[in-house]
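Asker: Sequence first, predicted model second:
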Amino acid sequence: MYGLLDCNNFFVSCERAFNPSLNGKAVGVLSSNDGCVVARSNELKALGVKMGTPMYQIKNLIDRGEVTVLSSNYTLYGDMSARVMRVLQENAKNLEIYSIDEAFFDVGTNEHSEAYVRKLAKTVTKSTGIPVSIGVAETKTLAKIANHFAKKYKKYNQVCLMETPEKREKALRLTPIGDVWGVGRKSIEKMRFEGIFTAYDFMQKNRAWVRKNFMLTGERVWQELNGEPCVDLVPKKSKKQICTSRSFGEMVEDLETLSQAVSSFASDCAYKLRSQKSCANAVMVFIYTNRFRTDLPQYMQSKIIPFSVATSDTLEIVNASLYALKKIFMSGFKYKKAGVVVMDVVSESTVQQNLFDVKNRRKAENLMKVIDKINDDYRYGVVKLAVQGVEENWKLRRENLSPNYTTKLSEIIKVKI
DNA sequence: TCTGGGGTCCTAGGACCC
DNA sequence: TCTGGGGTCCTAGGACCC
């Protein structure tokens, strides 16, 4: 049996863990630039505010004090996530960290399963302050559905085991097809056309028909709903590509400012590469204008630069990115977003040396180690390249940011006695 | 005025080869 | 105007996820 633990309203719960005055209130966490709502407390969901709602649409609720919004603080959430996963690692078998707030694990099959998962949920919440839900079923897709029930219905008290065919059928009849893991917007339309409205409707279809109409992905969902596992637990692999991109607080027109942003993104990608002990074989840079501003001329372009030898060197990745940027930059457009993607990522240890490589790699590696050490010990970004600029004109808006309670000494919570 | 960011997997179709 | 049939490899883009 597969278990799925999911943190309830994760970003909001992280904020609440350090600011209990948010408990019981309608709270939302915003995307970068304070653009739209990406996490909601139950109270905010109850007000009918949907995931992804732009902030300006709930401006009046905020002004009236009915809703509290916070800028996203990924440093805090990343650290809280690591705490949750650490507790799980110690108490669950074959853990697969699926996302920042979710993990699958092996529950086994015996009559003590329920007591075990209930205790697990309690342990996680007690040691981290984050409320969680656990769903257990024969496949990961079914465990997701069980988890959904655990969250939605109070009577389950945060844990739902869907271990018998009767319980499964009952649950699938109550599950809209769009709520099933792997069924997205496009498929929903098609399913509706075919008269499929619930997970149960889909499960009842003939396998060959499913394969023909919904391809491999659809067939897998079908198998999983029928209790046949085909998406196995996979230990966390290192990433195949790493992307750093941002929308700008204000639109950018000049190459100079774009260069600062792109070199910062490139530098960030290089750091992420080194943190997971890998190197990239290519880097891609992309720039976009604001697609919502239909009144303005639109432009989007990207360019890939391959490396002769896979690298994680900041200088090399920044240089290649700036070269790519110069190639695609066109003046006369107002740019809203840019990003850097390092691609074809391989493990550091497998990098082949190129006979004709003239660069002194050892020296570059040592320099990077020193920079990482300083940035890790003090504050990320203390040491950076001159080309990244000091003013950072492209910076984001983050007007409602909470302190870094767990990762920055100066912002640690103070207890008054 | 304001509308996120970071990923994975699959497929179709082009290029190329025999 | 006619212009095979298959195979492989690569890439762009779609779909989906949180």
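Answerer: Nice, thanks for sending it over. Numbers count the residues shown, from 1 in each chain, chains lettered A, B, ... in the order given.
Asker: Quick check: can you name the pairing partners of the helix or strand containing residue A:342 and their directions?
Answerer: Assigned by DSSP states H and E, residue A:342 belongs to strand A:335-347. Partner strands for strand A:335-347, per DSSP bridges, with pairing direction: strand A:242-252 (antiparallel), strand A:278-289 (antiparallel).
Asker: Number of residues surrounding the closest residue to DNA strand B within the stretch 251-400 of chain A?
Answerer: DNA strand B sits closest to residue A:292 of the stretch 251-400 of chain A, with a gap of 3.7 Å, by C-beta to the nearest atom of the strand. (C-beta placed from N, C-alpha, C; glycine too.) Neighbour count of residue A:292, defined by other C-beta atoms under 10 Å: 8.
Asker: that's a strand at it, yeah?
Answerer: No. According to DSSP: H, G, I helix; E, B strand; the rest coil, residue A:292 belongs to no strand; its state is coil.
Asker: Could you give the number of residues near residue A:60?
Answerer: 10.
Asker: wait, I meant residue A:148
Answerer: By other C-beta under 10 Å, 21 other residues sit near residue A:148.
Asker: gap between it and DNA strand C?
Answerer: Distance, residue A:148 to DNA strand C, using C-beta to the nearest atom of the strand, to the nearest Å: 9 Å.
Asker: can you tell me which residues contact that residue?
Answerer: Residues near residue A:148 by C-beta atoms under 8 Å, 6 or more residues apart in numbering: A:135, A:175, A:179.
Asker: Nearest to residue A:319 among those?
Answerer: The shortest approach to residue A:319 among the contacts of residue A:148 belongs to residue A:179, at 46.8 Å (C-beta to C-beta).
Asker: quick one on the thing from earlier: could you confirm whether the strand holding residue A:342 reaches DNA strand B?
Answerer: Yes. Applying C-beta under 7 Å from any atom of the strand, one finds strand A:335-347 touching DNA strand B at A:336-337, A:339, A:341.
Asker: From these, list the buried ones, please.
Answerer: Among the residues of strand A:335-347 next to DNA strand B, those classed as buried by 16 or more other C-beta atoms under 10 Å are A:336-337, A:339, A:341.
Asker: now those as a markdown table including pLDDT?
Answerer: As requested, these are arranged in a markdown table below (pLDDT from 0 to 100):
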| residue | pLDDT |
| --- | --- |
| A:336 | 93 |
| A:337 | 93 |
| A:339 | 95 |
| A:341 | 95 |
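Asker: what's the helix or strand where residue A:321 lies in contact with?
Answerer: In this assignment (DSSP H and E), residue A:321 forms part of helix A:314-328. With C-beta under 8 Å, 6+ apart as the contact definition, helix A:314-328 has outside contacts at A:255, A:258-259, A:262-263, A:265-267, A:269-271, A:273, A:280, A:283-287, A:301-305, A:307, A:311, A:338, A:340, A:342, A:359, A:364, A:368, A:371, A:385, A:387.
Asker: can I have it written out in CSV, keeping just the CAs?
Answerer: Taking C-alpha atoms only, helix A:314-328 is exported to CSV below (Å, rounded to 0.1, in the frame of the first residue of the first chain):
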residue,chain,number,x,y,z
THR,A,314,29.4,30.7,-12.6
LEU,A,315,31.7,32.8,-14.8
GLU,A,316,31.3,30.4,-17.7
ILE,A,317,27.5,30.1,-17.4
VAL,A,318,27.1,33.8,-17.0
ASN,A,319,29.3,34.6,-20.0
ALA,A,320,27.4,32.2,-22.2
SER,A,321,24.1,33.6,-21.0
LEU,A,322,25.1,37.1,-21.7
TYR,A,323,26.3,36.1,-25.2
ALA,A,324,22.9,34.4,-25.8
LEU,A,325,21.1,37.5,-24.5
LYS,A,326,22.9,39.8,-26.9
LYS,A,327,22.0,37.5,-29.8
ILE,A,328,18.2,37.6,-29.0
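Asker: tell me the mean pLDDT over that helix?
Answerer: Mean pLDDT, helix A:314-328: 94.
Asker: quick one: that helix to chain centroid distance?
Answerer: 26 Å (C-alpha atoms, centre = their mean, to the nearest Å).
Asker: near DNA strand C, anything from it?
Answerer: No. Applying C-beta under 7 Å from any atom of the strand, one finds helix A:314-328 separated from DNA strand C by no less than 13.1 Å.
Asker: Now look at that helix and say if it contacts DNA strand B.
Answerer: No. Helix A:314-328 is not in contact with DNA strand B by C-beta under 7 Å from any atom of the strand; minimum separation 13.9 Å.
Asker: Could you pull out the buried residues of that helix?
Answerer: A:314-322, A:324-325.
Asker: Next: stretch A:149-161.
Answerer: Under 16+ other C-beta under 10 Å, the buried positions of stretch A:149-161 are A:149-151, A:156, A:158-161.
Asker: what residues does it touch?
Answerer: A:6, A:8, A:113-114, A:117-118, A:121, A:131-137, A:146-147, A:162, A:167, A:171.
Asker: Kindly check the end-to-end length of it for me.
Answerer: Stretch A:149-161 stretches 9 Å from its first residue to its last (C-alpha to C-alpha, to the nearest Å).
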